[in-house]
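1. Sequence unavailable; structure follows:
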């Protein structure tokens, strides 16, 4: 399979903003960094409240993650304790609390925060420090200021857009001379807006809210200014003004960034009483502040929805990961006349690797390892479905060629239906599937583009049969008409079959080298049994990768031998 590509995260700097003197922390972007008191830590934090192995900061797929390593006093992000061994994402501005230190995250290249030392005044020349009571404002201005403050506090607690609209409209009707108000959402059509909510002091069901096309257009064309109209006879604002019998109206655009996404709209019609120009001007100033508060609250609601969606997504990924673990056989055991051991480690939440070993009718034992291209949910779904189909066909007939052809047809059909977009690669799957026949002492197998396996012969431990030496076929899903003819190898009673995925041989070191097949054969050459095959390979991989966090790709290792 093609080599994996490491997605480096942008630079991360943790600037100390509280605690004992400490230089800014800049974790490396190519492997995890351990924080703690231990001499092995990448960042040593020497305080009794910090555990030896306190937290791990990991770059993963372009983002930074921090995980608490079951420390005694915990790790806090934005003053919230994070769950042990559960990664939390770090963004610019987030604070991380470890022991007595508070650190502010800065992701990406940018100017550092400016920190200056405060000046202690000369006591002999120090002027008197005075406390200033709030200035006395005109009654109407003070009322509007109080309403703005109360509205800002109330909108911060709003859980939905409807709650937010209710708070804003109640305050604008209480602090302005307009008898009607509405919160509107912009649509794709210049002639239409969506009414999120509306209010009227009259509280009549028949008092239907109507919107001026002219005023909405004027608010949309500006750069965030509040627009208003009064005395429709004096200025030609369009026919809609006269038709609605509006004698005064005001529209404040609500922006996210530079774009108007909603409007705070107020009007007074014939019969509602005149609105003086001074009151209209004062109401415009008030609504400008109210629209700004509303825009910030809308942005906050969107952020909460995103965080909720992310938590739900992570929960679903956790459930899917649990299902993948259930599909795997136990880490070690015996199946029929075969002893095996295995190690499985996903490179992310969900893996595209598959492995299984099962007893078949007639005394044979089947074992297979495979790898679906790509990562994430799509690869995991194909993996689970392919494993189920392969098990079903093998248990039904023990016909190796038929079972592999059935999975080939499934992967090919999935790939054809998949909407990958122009130029996107076709999904495919590599597979090594073998049948042990203890009576005939043979191994029948099909290698569909996998190649990552070896037969360690007891009589020739220094010269194993490598998967790359077999004839093999195309990977599954590439060609619907591919023939899958089994190949054969004779077995000695002490021979061992070692299977692995490309994540083992393609794992990079900090220097950029790859683990490679040679290290696999050198490691297995000195092993005594299936258990030591797996343990020694995992240890060798860890030492080579020098990572305390996740590996670059999914890794599956299995070894098996006749009992």
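-> That came through, no problem. Everything quoted here is computed from the prediction, not taken from an experiment.
2. Please count neighbours and contacts with C-alpha atoms only from this point.
-> Will do.
3. And the closest residue to residue 477 other than its chain neighbours, its phi and psi?
-> Of all residues not flanking residue 477 in the chain, residue 412 sits nearest, at 3.8 Å (CA to CA, 6 or more residues apart in numbering). Geometry field for residue 412 lists phi and psi as phi -60, psi -40, criterion degrees, to the nearest 10.
4. model confidence over stretch 427-434, on average?
-> Across stretch 427-434, pLDDT averages out at 89.
5. ok, back up a step: who are the contact partners of the residue nearest to residue 477?
-> Contact analysis of residue 412 by CA atoms under 8 Å, 6 or more residues apart in numbering lists 428, 476, 477, 478, 479, 480.
6. switch the cut-off to 10 Å
-> 406, 418, 426, 427, 428, 429, 476, 477, 478, 479, 480 (CA atoms under 10 Å, 6 or more residues apart in numbering).
7. Now restrict these to buried residues only.
-> 406, 427, 428, 429, 476, 477, 478 (16 or more other CA atoms under 10 Å).
8. got the contact list for the nearest residue to residue 87 once chain neighbours are set aside?
-> Using CA to CA, 6+ apart and skipping the chain neighbours, the partner closest in space to residue 87 is residue 67 (4.4 Å). Neighbour list for residue 67: 34, 54-58, 74-76, 82-89, 549 [criterion: CA under 10 Å, 6+ apart].
9. Could you do residue 358 as well?
-> For residue 358, the contact set (CA under 10 Å, 6+ apart) comprises 329, 334-336, 338, 364-368, 391, 394-395, 435.
10. The strand or helix carrying it pairs with which strands, and in what direction?
-> Using DSSP states H and E, residue 358 falls within strand 353-359. Strand pairing for strand 353-359, using DSSP bridges, gives strand 365-372 (antiparallel).
11. which secondary structure elements does the helix or strand just after the partner strand contact?
-> Proceeding N to C from strand 365-372, the next assigned helix or strand is helix 376-397, under DSSP H and E. Helix 376-397 is packed against helix 277-327, strand 353-359, strand 365-372, helix 400-417, strand 429-437, with contacts defined by 3 or more CA pairs under 10 Å, 6 or more residues apart in numbering; DSSP states H and E.
12. Poorly predicted segments of the stretch 251-400 of the chain, please.
-> 306, 309-325, 347-352, 374-379 (pLDDT under 70).
13. related to what we said a few turns ago, just the buried ones out of the contacts of residue 358, please.
-> For those, buried by 16+ other CA under 10 Å: 329, 334-336, 338, 364-368, 391, 394, 435.
14. so where's the stretch 51-200 of the chain shaky on pLDDT?
-> Along the stretch 51-200 of the chain, segments meeting pLDDT under 70 span 61, 109-137, 140, 190.
15. which residues in it form strands?
-> Remark: strands assigned in the stretch 51-200 of the chain by DSSP state E, counting those that start in this stretch are 55-60, 63-68, 75-77, 80-81, 88-90, 95-98, 101-107, 180-186, 193-200.
16. would you list the ones you listed in CSV and tack on distance to residue 172?
-> Below are those laid out as CSV (distance: least, CA to CA, whole Å):
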stretch, distance to residue 172
strand 55-60, 47
strand 63-68, 42
strand 75-77, 37
strand 80-81, 35
strand 88-90, 38
strand 95-98, 36
strand 101-107, 38
strand 180-186, 7
strand 193-200, 10
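17. Any idea which of those gets closest to residue 543?
-> strand 55-60 (17.8 Å; CA to CA).
18. list the helices and strands the closest one packs on?
-> Partner elements for strand 55-60 (3+ CA pairs under 10 Å, 6+ apart): strand 33-36, strand 63-68, strand 88-90.
19. Rebuild these as CSV, extending it with distance to residue 442.
-> Output for the helices and strands packed on strand 55-60, formatted as CSV (distance: least, CA to CA, whole Å):
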stretch, distance to residue 442
strand 33-36, 48
strand 63-68, 48
strand 88-90, 50
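20. now, of those strands, which is deepest in the fold?
-> Among those, ranked by average contacts under mean count of other CA atoms under 10 Å, first place goes to strand 33-36 (a mean of 25).
21. tell me how far that one is from the chain's mean position?
-> 23 Å (CA atoms, centre = their mean, to the nearest Å).
22. and if you look at stretch 528-545?
-> Computed by CA atoms, centre = their mean, the chain-centroid distance of stretch 528-545 equals 31 Å.
23. got the buried residues for that stretch?
-> Here stretch 528-545 shows 529-538, 540-541, 544-545 as buried, counting by 16+ other CA under 10 Å.
24. what's the average pLDDT for that stretch?
-> For stretch 528-545, the mean pLDDT works out to 91.
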